[in-house]
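Asks: sequence first, predicted model second:
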Amino acid sequence: MNVMEEFVIILGISLDIFAVMECQGSLVAKVEKRQLMVCCSILVAGQVIALGIGNFISVLLCEGVTEVNEMFLGQVAAAVIFLSQGGRLFLKAWRNERIVEHREEKFDMGEFIKLYARTSNFTFLTGFAFGFLETSMWMVVLLLTVMTVLVTVLGVYTGYRLGFEHKIKAYLAGGFLLVAGGIDVIVGHICNFIS
């Protein structure tokens, strides 16, 4: 995968975090920068660990694979992972689960960690897919770190200023990017397989 394809996938999964943080931002009475830095640190560390574990496991699975058919199956599995994650975000947009908007003095860290734990499972699957695609993880980790910080800060301030209504747009955009990434993987690797 090239850097642009990696960026599309990372942005797609990051928009899920944006929506979660937007909902969290819509609840707080005041955004505290120290607490926001703690949230960013937790998210970045968790995202990198989940991505790394997923990648490590898939690389171990692919280590003994030398046949073209087996490599192709791994690439198809990666595309299915991206497509299903995109479908999951479309479903979240369609459901449009409401939250009860009430002001809190600060982030409820327990609720924040529960929300993040659900999201990290999908980052793990993304790392798994990147391993099947033999992606260099250094650039992916850099992109993931930068995108996680950006979407966390933007999500919290968007929610704080505008409420949580933009989460549907984030889910739709993330779903579109992940589906586009999955289709790109299928098309690109089918073309390589044929030639």
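Replies: Looks like it came in fine.
Asks: what residue ranges in this structure score low on pLDDT?
Replies: 64-71, 98-108, 111, 190, 192-195 (pLDDT under 70).
Asks: for it, what spans make up the helices?
Replies: 3-25, 33-62, 68-95, 109-132, 137-162, 167-194 (DSSP state H).
Asks: ok, S41 to V31 distance?
Replies: 16 Å (CB to CB, to the nearest Å). Backbone N, C-alpha and C define where each C-beta goes, glycine included.
Asks: who's more crowded, the two?
Replies: Counted by other CB atoms under 10 Å, S41 and V31 do not tie: V31 has more neighbours, with 17 against 13.
Asks: hang on, isn't the more buried one packed against Y160?
Replies: Yes - look at V31 against Y160 with CB atoms under 8 Å: they come within range, at 5.2 Å.
Asks: which neighbours do these two share?
Replies: Both V31 and Y160 are in contact with G25, where contact means CB atoms under 8 Å, 6 or more residues apart in numbering.
Asks: picking that back up, hey, which of the helices of the chain is tucked in deepest?
Replies: helix 3-25 (a mean of 23; mean count of other CB atoms under 10 Å).
Asks: V179 contacts V80, doesn't it?
Replies: No - taking CB under 8 Å as the definition, V179 is not a contact partner of V80, at 11.5 Å.
Asks: setting aside sequence neighbours, what's the nearest residue to A180?
Replies: Ranked by CB to CB, 6 or more residues apart in numbering and with sequence neighbours excluded, the top spatial neighbour of A180 is V8, at 6.3 Å.
Asks: try G159
Replies: G25 (2.7 Å).
Asks: what about the one you found, distance to T145?
Replies: 21 Å.
Asks: next one: A129
Replies: From A129 to T145 the distance is 19 Å (CB to CB).
Asks: got it, and W138?
Replies: Taking CB to CB, one finds W138 at 11 Å from T145.
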